[in-house]
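Student: Sequence and predicted structure, then a few things I'm wondering about:
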Amino acid sequence: MPQTVKGVISRSKGVPVELTDIVIPDPGPGEVIVDVKSCGVCHTDFHYREGGVSDDFPFLLGHESAGVVSEVGEGVTSVEVGDFVILNWRAICGDCRACKRGEPWYCFDTHNASQKMTLTDGTELEPALGIGSFAEKTLVAEGQCTKVREADPAVVGLLGCGVMAGIGAAINTGEVTRGKTVAVIGCGGVGCASIAGSALAGAGTIIALDIDEKKLDWAKDLGATDVVNTKGMSEDEVVSAIQERTGGFGADVVVDAVGRPETWRQAFYGRDLAGTVVLVGVPTPEMELTVPLADVFGRGGRLKSSWYGDCLPERDFPMLVDLYEQGRLSLDKFVSERIGIADVEPAFDKMNAGQVLRSVVEF
């Protein structure tokens, strides 16, 4: 029978979030109920609150999570009750043109649970990124659950979004390998994860660029070999700073973890000839980019966007959890504080003030 649990919702644009009762229906075919053990406080949840994703209020926020499967619906075969899982927001279909050509990380028909979670009055909730895990339990599609070795949920749950996006931007999208030079513009959670991923891949010089000294300290702790405070610097000065640290050439791979026209241009001109630009920071709809087409042609290389770190959860999540357990990937350094479910709104304030890499709700 349906269950009533506590969850954090956003009722309308710009209004502080609310902890209230929500109703979880019995799982239908292909659906799973997960007892949520942790959920990271991500910028995307704040964007939902601010109406920056859509206006389909009310939202059930939260998506960066780990938990334990408590119920499964008809036809579910990949997980069973008791499995420890990390939730992902790109459950691949296996049948679209991207999946059929062997590139499932680009799946064009990802899916979520068919049923809706609701308020106690029956109002349907729109779950953030199809997950909605600022809640004691959540209903998701089977493919949104990735079984992994059991570990600290507050740590490994971060692979569900920002940390995976950053690591994947470096390793999967940017194809960083041993000895390559890397620059990362913007050292919040995603940018620092790109730095950690570059270090894991064996990159040589790893340059962290940000306007906040605290974030640069985080970046250095996660593997940056060089840090540059770009506060007050022009675009040309930022490009020169990258070139000065790469033999005058520019970096082999530059990751833009901010997602603004000026930071993308810094990445474009701060890379070596035939180098790679990876855009993983999310721009807003009104932003436009102007670059001389002759420069695009003359500099060659690759200009790429990274969707969720171009990850394949069933491949990447277990591997990264194993590396964490082996002490080769310092995921624990991303957890700045552990908080309760009633503390999401103050956590947004800390996040926007740059005081934390991640606040993590524990259940």
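Tutor: All right, it came through fine.
Student: can I assume Leu273 sits in a helix?
Tutor: No: following the definition DSSP: H, G, I helix; E, B strand; the rest coil, Leu273 is strand and is not counted among the residues of a helix.
Student: what sits against it?
Tutor: With contact set as CB atoms under 8 Å, 6 or more residues apart in numbering, Leu273 has these partners: 249-250, 299-301. Any C-beta I mention is one placed from the backbone N, CA and C, and that applies to glycine too.
Student: Mind putting these into a markdown table with distance to Leu357 and secondary structure?
Tutor: Conversion of those to a markdown table gives the following (distance: CB to CB, whole Å; DSSP: H, G, I helix; E, B strand; the rest coil):
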| residue | distance to Leu357 | secondary structure |
| --- | --- | --- |
| Phe249 | 31 | coil |
| Gly250 | 28 | coil |
| Arg299 | 33 | helix |
| Gly300 | 35 | coil |
| Gly301 | 30 | coil |
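Student: Closest one of those residues to Phe59?
Tutor: Minimum distance to Phe59 across those is 38.9 Å, recorded for Gly301 (CB to CB).
Student: Can you tell me how far the residue nearest to the closest one when sequence neighbours are not counted is from Val72?
Tutor: Leaving aside its sequence neighbours, Gly301 sits nearest to Ala274 (CB to CB, 6 or more residues apart in numbering; 4.4 Å). Here the criterion is CB to CB, to the nearest Å. By it, Ala274 lies 49 Å from Val72.
Student: Just want to know which of the two has more residues nearby.
Tutor: Summary of the neighbour comparison: Ala274 and Val72, criterion other CB atoms under 10 Å, with Val72 having more neighbours (20 against 10).
Student: dump the residue contacts of the spatially closest residue to that one that is not a sequence neighbour.
Tutor: Setting aside the residues directly before and after it, Val72 is nearest to Val32 in space (CB to CB, 6+ apart), at 5.3 Å. Val32 is in contact with 69, 71-73, 76, 79, 139-142, 144-145, counting by CB under 8 Å, 6+ apart.
Student: how about 6 Å then?
Tutor: Taking CB atoms under 6 Å, 6 or more residues apart in numbering, we find Val32 in contact with 69, 72, 140, 142, 145.
Student: Which of these sits closest to Leu331?
Tutor: When the contacts of Val32 are compared against Leu331 (criterion: CB to CB), the nearest one is Cys145, at 19.4 Å.
Student: Wait, that closest one touches Val79, no?
Tutor: Yes: because the distance of 4.9 Å satisfies CB atoms under 6 Å, Cys145 is recorded as touching Val79.
Student: More neighbours: those two, which one.
Tutor: Neighbours of Cys145 and Val79, each counted by other CB under 10 Å, are more numerous for Cys145; the result is 25 against 19.
Student: bridging residues for the more buried one?
Tutor: When bridges are assigned using DSSP bridges, the partners listed for Cys145 are Leu87.
Student: so His111 touches Ala91, yeah?
Tutor: Yes: at 5.4 Å, His111 and Ala91 qualify as touching, with contact defined as CB under 6 Å.
Student: Common neighbours of those two, please.
Tutor: Counting by CB under 6 Å, 6+ apart, the common neighbours of His111 and Ala91 are Ala141.
Student: okay, these two: which has more neighbours?
Tutor: The residue with more neighbours, out of His111 and Ala91 and counting by other CB under 10 Å, is Ala91; that gives 23 against 16.
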